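# A predicted structure for the sequence below; I have some questions about it.
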Amino acid sequence: MFFGIDTSSFMPHGHCILWKPELLFPIVASEILIFIAYTSIPVAIYIFQQNRPDLNSDSKKLLILFFLFIQLCGITHLISAYNYWNSAYVLAMFVKVATAIVSVVTAFMLFKLLPRLIKLPSPTEHLKLIEELKILNSQLEEKIQERTALIMEQKNLLETLVEGCTGSILKYEPIIDDGKIVDFHSSIVFGKAASEAGVDGEEQIVGESVLNLFPDVVENGHFDSAIRAFNNNEQVIEDPVYSKALNKYFRVINFKKPEISFLLVYFTDVTQRELLKLDAINNSKLIILGELAGGIAHEINSPLQIISGSAEMLENSIDPEDKIGRKCLHNIDTTVARISDIIKNLKRLSRKESGKVGNVNICEVLKKSVQLYEQRIKLNDIHLIEAYENSSPNTVNTIELNVFQIVNNLLSNAIHALQENDGDRTLTISIEANGNGIDLIFTNNGPLIDHNIQERIFEPLFTTKDVGEGTGLGLSLSKRLAEEIQSELYFVQSDDSVSFVLKVKNIDENPAGR
Amino acid sequence: MKILLVDDDPTIVELFEMDLKYHYDDCAVFSASNGVEALEHCSRSAFDLIFTDGKMPKMDGLALAKRLKEINYSAVTILVTGYHELIDDKSYEKFGITKILHKPVKLKEIHECVDFVKDTLNSQK
């Protein structure tokens, strides 16, 4: 029963053609073949769809619709064949309705996709496109190779330049507070910035505060220069700038362009150059001093002549018993001799005058010098320990005048240093044999030599004495005098004493190679 | 014995003069303040010993000594100079200088020179 209709009384289709076999069998056979064909086509569609994962969703939908449409068509033909002997017309109706719906939808989808389908390139066009793409691809490859080669060349050039560069470049990014630059973040652009700047490891110069990294940049003006360059978009050169913390000189170029938001700081270590300059300046100071000394020597010697001559004449007129008078005259005599020696030695700063090399009794030299300073030592309450009296050996093959002058200078300096002591003032003079001569050691318990000036005390004109007190010539001259006699002058200090050592070596009068 | 002192510093001249007169009764001491004056004196008198300074205006001690040598003046010429050149006496011999003394010179050294010339003169008699 179907909706009140008794379907069991329906006639099979065979009746319509009166079961004539000439009609029945071809029709049925065809219906079955159509069914088989219409079933295989969906299989093909299925296989196609499986092998083409690139199909878009619209295409897939269309294929599914065709699949259904063709399959349903096939099924209707099979039911038609079946219904020649049966009357399953209700089933046929349902399948036919389904087929009709699917075919309408399929037709609709097909027409919808038609414009796109028409636009699909033909195989020829497709191949042509592929060929063109291949050509473009190979051209691109070529261009890439060219560019890569160029980049490599420039990279090599840059690497070579960087390797050869003695400087470094830092990038400074300003830290602004209340509209003003208060510090910079610094990072390395290239170069061995870290080691040159005396900082451990490059990590420490990445985003680090400049004021923390280089504490003396405010003092030495670099900070102000950097700010100026940044604010004015200009180049500010600092050459040289001295870092007290690192004890190095740098040539610094601070550079900013409007197009970039940070400051570039190029810096090179020029310490060697500056030291050479200082050396040259020192040398020329010495030469000038020597020349000056030479010039005034005559001027001083004439007045000295008058003093000395007058003193000698006085000796004739004073009472032989007048001990004080005689002592004074003796002082005048020795002092005139000292002044004369000083003048002589001033000139020696610039001239290579050599005294005579001979066997020098160091103890005698020390005694003579001490004698000259006896008064000053007593006046300054200095406890003098002469620990050289019975030392042996006590002779060296050298130039006596040089040793004498150096000893004088060291004694004078020691006395001056000890004046700073309120309490105990002790000066010890001792000698020791070294491998090839004798060491003269002057030890005092005066103030220690400051770390900052230790390297400078042998410089000409460098002095720690007050204005008018010293010329600063003593130690520089003494060093020269020591070098002249192939000897060394240096100092060592402990926690509570300073010792100046004059290492007098036997002069090799026939040095090898000359 | 006649001695000529040549120096542009009058105090030094005075000093040497005082000293020589004190120690030597038989010496006549004259003075000049430069080489030109000294030559004038020499043209008028025969000096036995001349002490001359180095640097002086108009004519210095070296030029004076050379001139005296050229005219075969027989005085012993001693250069008393404030310049500390370490050149030995021999180099100055060709200029007619017998000895060089460096200021400040001890009066004793002056006396030695006077004694030497005195002895020489005595031995010649």
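Everything's here; your move. Numbering: from 1, shown residues only, chains lettered A, B, ... in the order given.

# longest helix anywhere in chain A?
Using DSSP state H to define each element, chain A has its longest helix at helix A:271-317.

# check contacts around residue A:32.
Remark: with contacts taken as CB atoms under 8 Å, 6 or more residues apart in numbering or on different chains, residue A:32 is in contact with A:77-78, A:81. For the C-beta atoms, the positions are set from N, CA and C on the backbone; glycine is no exception.

# how far away is it from chain B?
Going from residue A:32 to chain B by CB to the nearest CB, to the nearest Å gives 144 Å.

# mind listing what's buried in the host helix or strand of that residue?
Per DSSP states H and E: residue A:32 is located in helix A:21-51. Burial within helix A:21-51, assessed by neighbour count using 16 or more other CB atoms under 10 Å in any protein chain shown, is assigned to A:24, A:27-28, A:31-32, A:34-35, A:38, A:41-42, A:45, A:49.

# flag every buried residue along the helix or strand following that helix.
The helix or strand immediately downstream of helix A:21-51 is helix A:57-82, counting by DSSP H and E. By neighbour count on 16+ other CB under 10 Å, the buried set for helix A:57-82 is A:59, A:62-82.

# hey, where'd the helices end up in chain B?
Residue ranges of the helices in chain B, as given by DSSP H, are B:10-23, B:35-44, B:61-70, B:89-93, B:107-124.

# just checking, what packs against the longest one?
Yep, that's helix B:107-124 we're talking about. In terms of contacts (3 or more CB pairs under 8 Å, 6 or more residues apart in numbering or on different chains; DSSP states H and E), helix B:107-124 is packed against helix A:271-317, helix B:10-23, strand B:49-53, strand B:76-81, strand B:99-102.

# got the angle for that helix vs strand B:76-81?
When axes from the mean of the first three to the mean of the last three CA atoms, to 10 degrees is applied, the directions of helix B:107-124 and strand B:76-81 differ by 170 degrees.

# which other residues reach helix B:107-124?
For helix B:107-124, the external contacting residues (CB under 8 Å, 6+ apart) are A:309, A:312-313, B:1, B:3, B:16, B:19-20, B:23-24, B:27, B:48-49, B:51, B:76, B:78, B:99, B:101.

# also stretch A:408-419?
The list of residues contacting stretch A:408-419 from outside it, by CB under 8 Å, 6+ apart, reads A:369-370, A:372-373, A:376-377, A:380, A:382, A:425-427, A:440, A:442, A:444-447, A:465, A:469-470, A:474-475, A:477-478, A:498, A:500, A:502.

# lowest-pLDDT helix or strand in chain B?
Least confident helix or strand of chain B, by mean pLDDT, DSSP states H and E, is helix B:89-93 with a mean of 70.

# need the contact list for the closest residue to chain B within chain A.
Of all residues in chain A, residue A:301 sits closest to chain B, at 3.3 Å by CB to the nearest CB. For residue A:301, the contacting residues are A:340, A:343, B:82-84, B:102-104, taking CB under 8 Å, 6+ apart as the criterion.

# can you put the buried residues of helix A:21-51 in a markdown table and add distance to residue A:159?
What follows is those, written out as a markdown table (distance: CB to CB, whole Å):
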| residue | distance to residue A:159 |
| --- | --- |
| A:24 | 94 |
| A:27 | 89 |
| A:28 | 88 |
| A:31 | 84 |
| A:32 | 82 |
| A:34 | 79 |
| A:35 | 78 |
| A:38 | 74 |
| A:41 | 68 |
| A:42 | 67 |
| A:45 | 62 |
| A:49 | 57 |
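
# what's the distance between the closest residue to chain A within chain B and residue B:19?
For chain B and chain A, the shortest gap (CB to the nearest CB) falls at residue B:82, measuring 3.3 Å. With distances defined as CB to CB, to the nearest Å, the gap from residue B:82 to residue B:19 amounts to 18 Å.

# who has more neighbours, those two?
For the pair residue B:82 and residue B:19, the greater number of neighbours falls to residue B:82 (24 against 21), based on other CB atoms under 10 Å in any protein chain shown.

# close enough to count as contact, that one and residue A:298?
Yes - here residue B:82 lies in contact with residue A:298, judged by CB atoms under 8 Å, at a distance of 3.9 Å.

# mutual contacts of those two, please.
A shared contact of residue B:82 and residue A:298, defined by CB under 8 Å, 6+ apart, is any residue touching both; here these are B:54-55.

# which of the helices of chain B is buried the deepest?
Mean neighbour count (mean count of other CB atoms under 10 Å in any protein chain shown) peaks for helix B:61-70 among these, with a mean of 20.

# quick check: mean pLDDT across it?
Averaging the model's pLDDT scores along helix B:61-70 yields 90.

# by contact count, what packs against that helix?
Helix B:61-70 makes packing contacts with helix B:35-44, strand B:49-53, strand B:76-81 when contacts are defined by 3+ CB pairs under 8 Å, 6+ apart.

# so who does the most centrally placed residue in chain B touch?
Among the residues of chain B, the one closest to the centroid is residue B:51, at 1.5 Å (CA atoms, centre = their mean). Taking CB under 8 Å, 6+ apart, we find residue B:51 in contact with B:3-7, B:16, B:78, B:80, B:110, B:113.

# ok, now residue A:483?
Residues near residue A:483 by CB under 8 Å, 6+ apart: none.

# name the SS class of it, please.
Recorded secondary structure, residue A:483: helix (DSSP: H, G, I helix; E, B strand; the rest coil).

# secondary structure element holding residue A:251?
Following DSSP H and E, the helix or strand that holds residue A:251 is strand A:248-255.
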